[in-house]
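[1] give me a 3D structure for the following:
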Amino acid sequence: MRPDLDVAVVGAGIAGLTAAHELRRAGLSVRVYEQLPEVGGRMRSVRRDGWTVDTGAEQLAPRGYRATWELLRRVGAGPAEVPQVGGLPAVWRDGRARLGVGEPTAVLTGAGLSARARLDLAAFSAWTGRHRARFDGDRPEDSPFGAATVREAAARYHPDLHDYLLQPVAGCFFGWDTARSAAAPLVSLLLEAGSPSGWRTYRTGMDFLARRLAEDTDVEAGRAVREVTDAGDHVVLRLDDGEVRARAAVLAVPAPVAAALRPDVPADERPFLTACTFTPMLKISYLLERPLAPPARRPLHILLTPAAEDDVLSGVVVDHAKDPGRAPAGRGLITLVAGPRRVRDLLDASPDDAAHVLIRAAERYVPGITGARRHHLVHAFRHGLPEATPQALRERPGFLARPARAVEYAGDWVMLRPASEGAVRAGALAASRVLSRLGRHRPSADRAEESRATA
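    Sure, this is the predicted structure:
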């Protein structure tokens, strides 16, 4: 039986859609299967009563996001569709928001660090600057940190460097426990992205790029793939309503999901797949009657709340400051991010109970938020972001060295880069590996001749 198509992609997140885009450009027939009713994966947006609610917290940096910017240019996205983020980031310490997080000026302004810690920040910045060439976001395992965790890498410096910089960043943006996650991917990403003052976002919601890619892609949403088997000369996908055969498949899903889909996973792939654990994430967006925000000397778009200060929250995202189109005129939109220590318990609680716990904690930072709440939306991810453990870092070179096969993988976990840029790069890498086996689309005359020969 001949395959139904050249390539089946499982997952319509940004990694899967990037892989499909690259394979379609090469002339192959591609279909994407997505179990959710819409595309975007962890970069979905929800639209309700004039609010545009991002399920994640995506930002784009002018630096370090080369593959994403290239993809945006390719789909015709102009500057107006990727505007600069409004407001600034800050960290909470001693009862108020401290500006300057991630900025080079932090050694002078403090950004929540004590005077002694600023000296250590200068030393840390100088050391990473001298070794910058070895901090490659595509090869984090080669960095000078080796497999050290974030906490281990910070141990030689003043405790504030961990407690009021590295931990809040890792905890809010990635959901990481710094005692479990490796320092190399975090520091590589920070060095490549540079100052947060230049960050950008998507004007019409963080799912903009996914929606644009899906416009010219065969996507079957609401269809869950239950199993993927390598049958030698083709791949079999088992769905609830039957089977699909393809010459190749790309599993663009979190590593634990990919491993569960493959009963025949090869021995040289299993160690990395098993080591690529994910942190859970819980974010609750509150639609507000008025545009509240944490008090600060200048408008904020995100307030990091360190674990040293708060056990419940890891961050407060002021979405209507990030981009005014996220909320109707005169209204507000704030997203609260659960802290790594509490997220598992909150995921097991009812959505309303979790929303009550988070908004009660947020009154400390955004006075009056409870009374201004109109509605809330819960975004729960059992597989939030790749945890980038030391074990995953050690297993990654062997995984990358495996031969190209009928079943390939895409996702930010492949790059151990918990950001959309990692997903885009992984999607392109998966497509190149598929093409190395299948080749590009043959001219139509050749296919017509083949059809006549087999008729």
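[2] okay, CA-based contacts and neighbour counts for the rest of this
    Fine.
[3] so where do the strands sit in the stretch 101-250 of the chain?
    Secondary structure of the stretch 101-250 of the chain (DSSP state E, counting those that start in this stretch): strands located at 219-221, 225-230, 235-239, 242-251.
[4] out of those, deepest packed?
    Comparing the strands of the stretch 101-250 of the chain by mean neighbour count (mean count of other C-alpha atoms under 10 Å), strand 242-251 ranks first with a mean of 22.
[5] pairing partners for it, with directions?
    strand 5-10 (parallel), strand 235-239 (antiparallel), strand 407-409 (parallel) (DSSP bridges).
[6] quick one: that strand to strand 225-230, angle?
    Here the directions of strand 242-251 and strand 225-230 differ by 70 degrees (axes from the mean of the first three to the mean of the last three C-alpha atoms, to 10 degrees).
[7] C-alpha coordinates for strand 242-251, PDB please?
    Coordinates of the C-alpha atoms in strand 242-251 are reproduced here as PDB (Å, rounded to 0.1, in the frame of the first residue of the first chain):
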ATOM      1  CA  GLY A 242      -8.100   4.900  11.500                       C
ATOM      2  CA  GLU A 243      -4.600   5.000  10.200                       C
ATOM      3  CA  VAL A 244      -2.400   7.200   8.100                       C
ATOM      4  CA  ARG A 245       0.700   6.100   6.200                       C
ATOM      5  CA  ALA A 246       3.500   8.500   5.300                       C
ATOM      6  CA  ARG A 247       7.000   8.200   4.000                       C
ATOM      7  CA  ALA A 248       8.200  10.000   7.200                       C
ATOM      8  CA  ALA A 249       6.900  11.700  10.300                       C
ATOM      9  CA  VAL A 250       8.000  14.600  12.500                       C
ATOM     10  CA  LEU A 251       6.900  14.400  16.200                       C
END
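[8] show me what the next helix-or-strand element following it is packed against.
    Stepping forward along the backbone from strand 242-251, the first helix or strand reached (DSSP states H and E) is helix 255-261. Judged by 3 or more C-alpha pairs under 8 Å, 6 or more residues apart in numbering; DSSP states H and E, helix 255-261 is in contact with strand 225-230, helix 270-275.
[9] other residues contacting the first one?
    Where contact means C-alpha atoms under 8 Å, 6 or more residues apart in numbering, the residues beyond strand 225-230 that reach it are 10, 33-35, 235-240, 260-264, 406-407.
[10] any chance of the strands of the stretch 101-250 of the chain in CSV, with distance to residue 286 and mean pLDDT too?
    Compiled in CSV, those are given as follows (distance: least, C-alpha to C-alpha, whole Å; pLDDT from 0 to 100):
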stretch, distance to residue 286, mean pLDDT
strand 219-221, 27, 97
strand 225-230, 33, 97
strand 235-239, 36, 97
strand 242-251, 33, 97
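[11] so which of the helices and strands packed on helix 255-261 gets nearest residue 112?
    helix 270-275 (34.5 Å; C-alpha to C-alpha).
[12] chain center to that closest one, what's the gap?
    Helix 270-275 sits 20 Å away from the centroid of its parent chain (C-alpha atoms, centre = their mean, to the nearest Å).
[13] state the mean pLDDT of it.
    Computed over helix 270-275, the mean pLDDT rounds to 97.
[14] I'd like the next helix or strand past that helix.
    The helix or strand immediately downstream of helix 270-275 is strand 278-288, counting by DSSP H and E.
[15] run the chain-centre distance for that next one.
    On C-alpha atoms, centre = their mean, the centre of strand 278-288 falls 14 Å from that of its chain.
[16] out of the strands paired with strand 242-251, which comes closest to residue 360?
    strand 5-10 (39.0 Å).
[17] got the contact list for the closest one?
    So strand 5-10 is contacted by 16, 19-20, 28-34, 225, 245-253 (C-alpha under 8 Å, 6+ apart).
[18] kindly report the same for stretch 194-203.
    58-64, 80-85, 88-89, 102-104, 208, 322-323, 325.
[19] now stretch 265-280: buried residues?
    Of all the residues in stretch 265-280, those buried under the rule 16 or more other C-alpha atoms under 10 Å are 265, 269, 271-273, 275-280.
[20] what about that stretch, start to end distance?
    End-to-end span of stretch 265-280 (C-alpha to C-alpha, to the nearest Å): 24 Å.
[21] one more: stretch 36-45?
    Criterion C-alpha to C-alpha; first-to-last residue distance in stretch 36-45 is 13 Å.
[22] next: stretch 126-143.
    Using C-alpha to C-alpha, the two ends of stretch 126-143 sit 15 Å apart.
[23] domain parsing for the chain?
    The record's domain split for the chain, according to automatic domain parsing, is 5-35+222-276+387-454, 43-84+199-206+278-386, 103-192.
[24] and the longest helix for this protein?
    Among the segments of the chain that qualify as a helix by DSSP state H, the longest is helix 420-438.
[25] can I get that one in PDB? Just the C-alpha atoms.
    Extracted in PDB, the C-alpha atoms of helix 420-438 (Å, rounded to 0.1, in the frame of the first residue of the first chain):
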ATOM      1  CA  SER A 420      10.200  30.000  20.500                       C
ATOM      2  CA  GLU A 421      13.600  30.400  18.800                       C
ATOM      3  CA  GLY A 422      14.500  26.900  20.000                       C
ATOM      4  CA  ALA A 423      11.300  25.500  18.500                       C
ATOM      5  CA  VAL A 424      11.800  27.300  15.200                       C
ATOM      6  CA  ARG A 425      15.400  26.000  14.900                       C
ATOM      7  CA  ALA A 426      14.300  22.500  15.900                       C
ATOM      8  CA  GLY A 427      11.600  22.500  13.300                       C
ATOM      9  CA  ALA A 428      14.100  23.500  10.600                       C
ATOM     10  CA  LEU A 429      16.500  20.900  11.800                       C
ATOM     11  CA  ALA A 430      13.900  18.100  11.600                       C
ATOM     12  CA  ALA A 431      12.900  19.200   8.100                       C
ATOM     13  CA  SER A 432      16.600  19.100   6.900                       C
ATOM     14  CA  ARG A 433      17.000  15.600   8.400                       C
ATOM     15  CA  VAL A 434      13.800  14.400   6.600                       C
ATOM     16  CA  LEU A 435      15.000  15.900   3.300                       C
ATOM     17  CA  SER A 436      18.300  14.100   3.700                       C
ATOM     18  CA  ARG A 437      16.400  10.800   3.500                       C
ATOM     19  CA  LEU A 438      13.600  11.600   1.100                       C
END
